[in-house]
Each structure stands twice: as structure tokens, then as C-alpha cells.
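> structure of the sequence below:
(one chain, ligands or ions: 1)
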Amino acid sequence: MFERLKPVPIDPILGLMNSFREDSRHNKIDLGVGVYQDDSGQTPIMTSVKKAEFQLLEDENTKTYQGMTGDSDYNDRLSSLIFGEDNPILKSGRFCTLQAPGGSGALRVGAEVIARTKSSPAIWVGTPTWANHIPIMEKTGLKINTYPYYDFETHTICFDEMIEALKKIPKDDIVLLHGCCHNPTGADLSSDQWKQVCATAHRNGFIPFIDIAYQGLGNGLEKDAYGIRELASQLPELIVASSCSKNFGLYRERTGAVSFICNDSDQTKIVLSHAMSSARSLYSMPPAHGALLVSSVLGDPKLREEWEIELESVRLRIQLMRDLLCEKLRGNQKGKDFSHIKHQKGMFSFLGISSEEVDTLRAKYGVYMVGSTRINLAGININNIDYLSECILKVI
Ligand SMILES: Cc1ncc(COP(=O)(O)O)c(C=O)c1O
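Numbering: from 1, shown residues only. Presented below is the predicted three-dimensional model:
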């Protein structure tokens, strides 16, 4: 039987990670992999999370199943973090949340529910978008369409084209949007642009599906949720997939959630029943550990304060690397403009060099990035930034 299988090509980022691991140069730099690294190049466990973990070890008295919706305290506390503590939508009966295995699991469950609403529903994704969005959505039978998002020449959102494309999207189609810290571009919608997207959705009847995987890493916890809160306050229906992989550093604990806003409480119950039934056939119950840690951190004022300080230092470190890299590349011989890096948000930006220059950086200098030139700003630190910028200046 298995002889009939052909090998699947390795994911470019995983391939890059393997090459990086095998590279013996001591000054090599990994700007490919999408995890946060601190100034010493480590992906640390947050102190607040570690404290919650010690507490959980003491207090946990069962490993029985959690149930398909997961931990209810986690669902409530994470929903408050995303939608806002006193957001009336949370208690309106039109809202429900289901704990999911990471943001990826949340996206998949959300897409599964959409796929059950009608025959061949369509989802519109911006170009470019996170590499895993299309595979996750496609698996559920959703038809994938695209709308323009980023102008590679100006390194900004091509908002006029985007909004024109959104105006043509039929009623009840789904539009995937990034809540903040757009991956891979780092280019986020402004408040005014969110308002325009919201008004267009309201007028034309498309339903936004927001992926928020980096809350707190862009402009801060509250500001990063602006778009979601705006849409939640105006629209009758909304889907949100969230992840705690980055802002709690819980990557391998698979901690996320999918939330739905529906027309009324009866529809909400039906939607939740479909989300549960999708989860049941995909993975049955979500993993508990990460969600219990997030719930403890958010539910304990001292731990929460500590976590917010830690998260803010992550955000500021990334911003500092953005500023420094931009500064060091300024006034280069080619007159190339890298200032977009300073203004963009979150872990990623496109460096905007040629594919030959990407290859040379890797082969000659041990600087690894994906062919699209997406770089993870968190892979840069005070120890490697001089070497990195010298190498970039040499190859361009
Ligand atoms: C835009 C975006 N959405 C969702 C995810 C999924 O995160 P996870 O499944 O690791 O929680 C990621 C992870 O890199 C991402 O960048």
C-alpha cells in the first residue's frame, strides 16, 4: 500500500531550519523560523508562565478529559483579553468560544463550521498571507479566492485596491483578515482602514474571519485588538481564531481558541454544536496544559501583571531591532530604502532584496531567510545585528 505514496516536498521553512542546523559556522543567523528569540537567541519560557506551571503541578488533581469546548475559565479569560474586559458582546448570548489546539486548530475548526453552512462557500485571503492559511482552509472544502493586500514596491498595504476588491465580494462569502502583526508583511491596517473594512462588510454582507496570533507584539495588548473589537461592535456575524503560541510563548502546548459572534442566541447554540462536532472528528478534545497555564496567568492579578511586563519587553525588543536594523542599513550605496521595517509591526517584514542576494547571504555569510525575503526580526539581537547589517550591505 505505502509504495503508492510519493514523498511530499519539504516545507521551505522546515528545509531552511534543517540547513541552518547543519551549518557549522558560529556566526550564522536564523531569520527564517517564526518563533520569538531573546537577546541571547533563546526562545524562553516566560517567568509568569513558569510560575503558573509550578502552581498547576501542585494543584492539578485529575487528568480526565476536559470536554470538547475545553476549559471554560480559559475561554472566558482569553475572550476578555481579545474582545475587551467589559465588552457587552461577551454576555449577549450571541458569543461563544471553543478552546482549540493552537491558532492552527482554531482556524481549522472555524473553517470546518463555515464549510457546513452552504455548498461550496468561498473564503478570500489577502496576497500574501501566512503560508499555512490556504492549506488549512482548503482541507475543509472552502473555495479559496484572493484580494490584493501588499504592494511589494512601496512596502505598504495597497489599501485602495484592497477595498475595491472587498466591495465586489458577494454576501455571505468569508474574508480572512489578520488581527495585527500581519504575517508575512508586518503591514497592519490603521484604525481608519479597519473602519472602512467594517463599513464595507456591513454594507455588502461578507463575513470577516480574523486570525489573531500576535496580540501584544505590535502596538500593545489593547491596541492590537482594535480591529476585532471594531468589527465585533458593528457586525452581526464574526469568526475569530486566536493563538497563545507567541504572546504566552506556549508554541508546543498547542493553545488557541475559536470564537463566533452570531445573529442571536439560538444560532450561537447551533454554531457551537457544529464547532464541537467538528472538533470531535478532528482531535476530539483540546490539550489542557497550555490553556490551564493561560487561565492561571490571566486569572491571577500578580501573574497577569508580570506577564504583561514580560510581553511588553518582547514587543519593545522587536521594535528596537526594527529601529536599529533600519538605522544601520540607511544611506547604503544602492540608495535602497529599508524604512518600512521601522514602521511595520510584529515579528515579520520583507527585507525586499533579490533572490540572488538571499542565496549569497546564506551561502557566503550563513544568514538564513526564506526566498520571499521574509525576516523574523526576533532572530536579530545586539550580538548579531552589526554582522547582519554588514552582510546585507555587502550583498546588495
Ligand atoms: C498568522 C498566523 N496565524 C496562525 C498561526 C498559528 O499558530 P499556532 O498554531 O502555532 O498557535 C501562526 C503561527 O505562526 C501565524 O503566523
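> domain map for the chain?
2-45+313-395, 65-299 (automatic domain parsing).
> just those domains: most buried one?
domain 65-299 (a mean of 20; mean count of other CB atoms under 10 Å). C-betas here are computed from N, CA, C, even on glycine.
> so D211: helix, strand or coil?
Assigned state for D211: strand (three-state reduction, DSSP: H, G, I helix; E, B strand; the rest coil).
> need the domains of the chain in TSV (columns: distance to the ligand and mean pLDDT).
Output for these, formatted as TSV (distance: least, CB to the nearest ligand atom, whole Å; pLDDT from 0 to 100):
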stretch	distance to the ligand	mean pLDDT
domain 2-45+313-395	5	94
domain 65-299	3	97
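> mind checking those for the one nearest to W307?
Across the domains of the chain, W307 has its closest neighbour in domain 65-299 (4.9 Å, CB to CB).
> how far does that closest one sit from the chain's center?
Centre-to-centre, domain 65-299 and its host chain are 10 Å apart (CA atoms, centre = their mean, to the nearest Å).
> what's stretch 192-210 in contact with?
Identification of contacts with stretch 192-210 by CB atoms under 8 Å, 6 or more residues apart in numbering yields 110-111, 114, 123-124, 157, 159, 163, 166-167, 169-179, 189, 226-228, 230-231, 234-235, 237-241.
> from those, which land in strands?
Judged by DSSP state E, the contacts of stretch 192-210 include I123, W124, I157, I174, V175, L176, L177, H178, L238, I239, V240, A241 as members of strands.
> residue closest to the middle of the protein?
A centroid search over the chain (CA atoms, centre = their mean) returns A213, at 2.8 Å, as the residue closest to the centre.
> my read is that P236 contacts N263, right?
Yes: counting by CB atoms under 8 Å, P236 touches N263, with 5.1 Å between them.
> which residues touch P286?
Q66, M68, G70, Q99, A100, P101, G105, R254, A279.
> ok, which stretches of the stretch 51-200 of the chain are strands?
Remark: strands assigned in the stretch 51-200 of the chain by DSSP state E, counting those that start in this stretch are 95-100, 122-127, 143-148, 150-151, 156-157, 174-178.
> my guess is F260 is in a helix, correct?
No: read with three-state DSSP, F260 is strand and lies in no helix.
> beta partners of it?
Taking DSSP bridges as the rule, F260 bridges to C96, I239.
> my guess is it contacts C96, does it?
Yes: using CB under 8 Å, F260 is in contact with C96, at 5.5 Å.
> which residues do those two both contact?
Common contact partners of F260 and C96 (CB under 8 Å, 6+ apart): T268, V271, L272, A275.
> relative to E112, how far out is the last one?
Using CB to CB, to the nearest Å, we find A275 at a distance of 8 Å from E112.
> about what we covered before: so for A52, which of the domains of the chain sits nearest?
Among the domains of the chain, the nearest to A52 by CB to CB is domain 65-299 (3.9 Å).
> give the contact list for the nearest residue to F209 once chain neighbours are set aside.
If you skip the residues right next to it in sequence, F209 has I239 as its closest partner in space, 4.4 Å away by CB to CB, 6 or more residues apart in numbering. Going by CB under 8 Å, 6+ apart, I239 touches G110, V113, I114, I174, I207, P208, F209, I210, V258, S259, F260, I261.
> mind redoing it with 6 Å?
By CB atoms under 6 Å, 6 or more residues apart in numbering, the residues touching I239 are G110, F209, F260.
> ok, back up a step: got a markdown table for the ones in strands among the contacts of stretch 192-210, with distance to N145 too?
A markdown table is the format used below for those (distance: CB to CB, whole Å):
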| residue | distance to N145 |
| --- | --- |
| I123 | 7 |
| W124 | 5 |
| I157 | 18 |
| I174 | 10 |
| V175 | 9 |
| L176 | 10 |
| L177 | 14 |
| H178 | 17 |
| L238 | 19 |
| I239 | 17 |
| V240 | 21 |
| A241 | 19 |
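> from these, which two are the most distant?
I157 and I239 (21.8 Å).
> how about the helices in the protein?
Per DSSP state H, the chain carries helices over the ranges 12-22, 47-59, 72-83, 102-115, 133-138, 159-167, 191-204, 226-234, 265-282, 289-299, 301-329, 340-343, 355-365, 385-395.
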